[in-house]
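Engineer: build the 3D model from these lines:
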Amino acid sequence: MTTMPVWRSLGADPGGPLVLAVDYAASGRPEAAFGDLAVEHPVWETVQPPLGAEAGFELADYVDGWLAAVPDRPVEAVLGYCAGGAFAGELVARLAERTGRAAPLLLFDPESPTPLTMYYQYRKVVESLAGVLGAERTAAAVADGDRAMAEADGVEQAGAALARIFVGAARAACAEAGLEEEYVDELTGTYRSFVRYLTAASQADHLKGWTGAYVFSSATPTSGLNPLAPAARAELTDRELRFDVEHADLLRTPAVAAAVTEVLAKAQASR
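Structural biologist: Residues are numbered from 1 along each chain as shown. Prediction:
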């Protein structure tokens, strides 16, 4: 039987109503995570499946696994960061089917992954490992990624091709550097897991799922709704709050936490 994702509590949890948060919070990433968002509510964050268990996961596999582990407690709100926003919209809809009430949806630089998303993340991880890969292998991996993007048809193909290239390059470089196999397995497995997560997120109908959501946007031009034309942006939400902070700092910014707390208080008062 495939192991499904579960949740972890961020901070103290005295019981009662919950806030659920969807993110791929890998250790060592530079971007702030929901653990950095200072709100006075019990927050449960998604945990990814054990490395390798996610192979073949689709959108429904993730969402079904999360739903099965949500206890019989009121859900105050559902939060989503980046691609986690696509899952968060699905989660709100499924919870509404179960409880008869749609929890508020709060999105932070939300994105619906595209092949370009896959390539951006690929370049980021390849360049972050340039010290291990070396200049020649890094350049080759970038060139191979460019060719894969030109040939790929859709998110699934792009992700699979980029994962193959990265795993091959990383394993060869780590072997030459004499790095332990356990480290190599974790490195390549984490990247494959993230690619699967993005692929599944791309399957969500975000236009439908984000209806009525509160969107918290950073000032980074390439993040969240910022690359969109004004009309496309307005189609997704009329509840956008913009902050003059970088994408990586969005969840650790006190003004964002204060705005989230205010939204949650209003939602609680309106019930």
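
Engineer: sketch out the low-pLDDT regions of the stretch 151-271 of the chain for me.
Structural biologist: The model of the stretch 151-271 of the chain has pLDDT under 70 over residues 271.

Engineer: now do the helices in it.
Structural biologist: With DSSP state H, counting those that start in this stretch as the criterion, the stretch 151-271 of the chain has helices at 155-177, 181-201, 206-209, 230-236, 254-270.

Engineer: export these to TSV and tack on distance to Leu91?
Structural biologist: Every C-beta, even on glycine, is put in place using the N, C-alpha and C of the backbone. As requested, the helices of the stretch 151-271 of the chain are exported to TSV (distance: least, C-beta to C-beta, whole Å):
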stretch	distance to Leu91
helix 155-177	20
helix 181-201	12
helix 206-209	9
helix 230-236	18
helix 254-270	16
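
Engineer: tabulate these (TSV), appending mean neighbour count and distance to Gly52.
Structural biologist: Output for the helices of the stretch 151-271 of the chain, formatted as TSV (neighbours: other C-beta atoms under 10 Å; distance: least, C-beta to C-beta, whole Å):
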stretch	mean neighbour count	distance to Gly52
helix 155-177	19	12
helix 181-201	19	6
helix 206-209	17	28
helix 230-236	12	34
helix 254-270	14	34
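
Engineer: what's the closest of those to Cys82?
Structural biologist: helix 181-201 (8.8 Å; C-beta to C-beta).

Engineer: re earlier: between the helices of the stretch 151-271 of the chain, which gets nearest to Pro17?
Structural biologist: So among the helices of the stretch 151-271 of the chain, helix 254-270 is nearest, using C-beta to C-beta, at 8.1 Å.

Engineer: show me the domain layout of this protein.
Structural biologist: The chain breaks down into these domains under automatic domain parsing: 6-112+204-270, 115-201.

Engineer: tell me the mean pLDDT over the lengthiest strand in the chain?
Structural biologist: Longest strand of the chain, by residue count under DSSP state E: strand 75-81. In this model, strand 75-81 has a mean pLDDT of 96.

Engineer: which residues are contacting it?
Structural biologist: 17-23, 33-34, 37, 41, 43, 86-89, 91-92, 95, 99, 103-110, 250-251, 260, 263-264, 267-268 (C-beta atoms under 8 Å, 6 or more residues apart in numbering).

Engineer: circling back to that earlier point, among the helices of the stretch 151-271 of the chain, which is nearest Thr117?
Structural biologist: With C-beta to C-beta as the criterion, Thr117 lies closest to helix 181-201 of those, at 6.3 Å.

Engineer: that closest one packs against which elements?
Structural biologist: Applying 3 or more C-beta pairs under 8 Å, 6 or more residues apart in numbering; DSSP states H and E, one finds that helix 181-201 contacts helix 59-68, helix 84-99, helix 115-128, helix 155-177.

Engineer: that older thread, by how many degrees do the longest strand of the chain and helix 59-68 diverge?
Structural biologist: Between strand 75-81 and helix 59-68, the angle comes out at 140 degrees (axes from the mean of the first three to the mean of the last three C-alpha atoms, to 10 degrees).

Engineer: for Trp44, give me its contacts.
Structural biologist: Counting by C-beta under 8 Å, 6+ apart, Trp44 has contacts 7-10, 13, 18-21.

Engineer: rerun at 10 Å
Structural biologist: 6-10, 13, 18-21, 34, 66, 69-71, 73, 75 (C-beta atoms under 10 Å, 6 or more residues apart in numbering).

Engineer: just the ones in helices from the residues you listed, please.
Structural biologist: If you go by DSSP state H, the contacts of Trp44 have Trp66 in helices.

Engineer: just the buried residues out of the contacts of Trp44, in PyMOL syntax.
Structural biologist: Buried subset of the contacts of Trp44, written as a PyMOL selection, criterion 16 or more other C-beta atoms under 10 Å:
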select buried, resi 7+10+18+19+20+21+34+66+70+75
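
Engineer: could you pick out the buried ones from the contacts of strand 75-81?
Structural biologist: 18-23, 33-34, 37, 41, 43, 86-89, 91-92, 95, 103-110, 250-251, 260, 263-264.
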